[in-house]
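Asker: whatever this is, show me its structure:
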Amino acid sequence: MNKTDIRYWRVAPGQGGFLWVEQRNNNCVAVGWNETGDLGRFRNKAGFENKFLRIWGKKKRKSANVLWQFYNDVKKGDKILINSGEQIFGIGTIVGGYKFNKNLYYKHSKPIRLELNFWEPTNARELGLPQKIIKKICGLKPTISKLEADDWQKISEKLHRAKNPFKGISNYEGLPRSPASEQEVIVLFSKISPLLRMKIDAVGTRFPDAYIRTKKNRKWVTQRCEFEKSSYDFVVHGHDPKGCDMIICWKDNWKNKPKHIEIVELRAELEKLI
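Answerer: Sure thing, here's the model as predicted:
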């Protein structure tokens with residue numbers, strides 16, 4: 001394939017990227033609107049569109065165009081940016097044709113060879129990309145949209161240079177991605193707590209979330225602990241700082257935190273371990 005024949009696309013793996021792990025593990029990109037069935041049975045776009053609009057109504061004509069674009073225009077050899085809003089999950093190349101895969105959540109799929117993938121998504125706004133490219137890939141966008149060759153070149157260069165410590169990782173201790181919720185923070189902590197010289201005494205459903213033992217001056221000390229996705233979520237959730245000694249989180253973004261609260265940022269701790 002000549003370079004002039006290559007097209008460049010961005011595809012969202014579900015709202016907020018919730019299907020990224022499934023699609024990555026199946027080496028594909030996929031889109032929804034499963035009720036249409038296998039698109040290979042339609043002889044032309046008119047037949048497909050008639051079926052699509054009967055299911056979802058005439059106001060969904062733009063969505064019909066998006067699905068047909070994925071089926072008809074995304075070809076073998078095309079380059080794909082996989083992102084949802086500012087979160088970039090990876091980039092790759094289409095390596096085959098369309099398949100209606102009944103085993104996937106989104107069933108309209110095309111196989112992909114990943115060139116880069118990130119266990120923790122890379123933030124597009126932190127890459128130093130031109131604002132016109134940021135506008136093209138971030139915010140509320142259709143499931144699939146076209147990029148220019150120059151856009152792709154800039155995005156690819158920035159991603160390859162990105163200082164993401166979790167670049168190329170697909171799994172850590174059973175976790176297929178970095179924590180996206182408070183519950184996943186708890187799971188990760190349970191995996192690495194021995195390496196942090198910390199022990200879990202109890203985890204509950206009331207504030208504080210847990211009682212954790214840490215070693216200080218050769219003695220094990222019990223501390224009241226709250227788990228959060230980001231440390232500032234402690235404030236968002238309306239917790240009383242007087243009832244907590246420690247926050248265990250994925251990212252520490254609380255700038256003016258009380259001095260008596262210790263922050264254990266798992267992202268920083270894990271970066272030291274891998």
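
Asker: identify the bridge partners of the closest residue to residue 99 other than its chain neighbours.
Answerer: Closest residue in space to residue 99, ignoring its immediate chain neighbours: residue 109 at 5.3 Å, by Cβ to Cβ, 6 or more residues apart in numbering. C-beta here means a position set from N, CA and C on the backbone, and glycine is covered the same way. Residue 109 has the following beta-bridge partners by DSSP bridges: residue 30, residue 99.

Asker: which ones are touching residue 109?
Answerer: With contacts defined as Cβ atoms under 8 Å, 6 or more residues apart in numbering, residue 109 is in contact with 23, 26, 28, 29, 30, 31, 98, 99, 100, 101.

Asker: could you report the neighbour count for the last one?
Answerer: The criterion is other Cβ atoms under 10 Å. On that basis, residue 101 has 17 neighbouring residues.

Asker: over to the first one?
Answerer: Look at residue 23: counted by other Cβ under 10 Å, it has 24 neighbours.

Asker: with the third one instead?
Answerer: For residue 28, the count of nearby residues is 22 (other Cβ under 10 Å).

Asker: of the contacts of residue 109, closest to residue 152?
Answerer: Proximity of those to residue 152, judged by Cβ to Cβ, is greatest for residue 29, which lies at 15.2 Å.

Asker: quick one: pLDDT of that closest one?
Answerer: Turning to residue 29, the model gives it a pLDDT of 98.

Asker: got a list of what the residue nearest the centre of the chain touches?
Answerer: The central residue of the chain, meaning the one whose C-alpha is nearest the mean C-alpha position (Cα atoms, centre = their mean), is residue 17 at 4.7 Å. Residue 17 is in contact with 83, 84, 87, 89, 121, counting by Cβ under 8 Å, 6+ apart.

Asker: please redo it, this time with the cut-off set to 6 Å
Answerer: For residue 17, the contact set (Cβ atoms under 6 Å, 6 or more residues apart in numbering) comprises 84, 87, 89.

Asker: against residue 178, how distant is the last one?
Answerer: Computed with Cβ to Cβ, to the nearest Å, the distance linking residue 89 and residue 178 is 11 Å.
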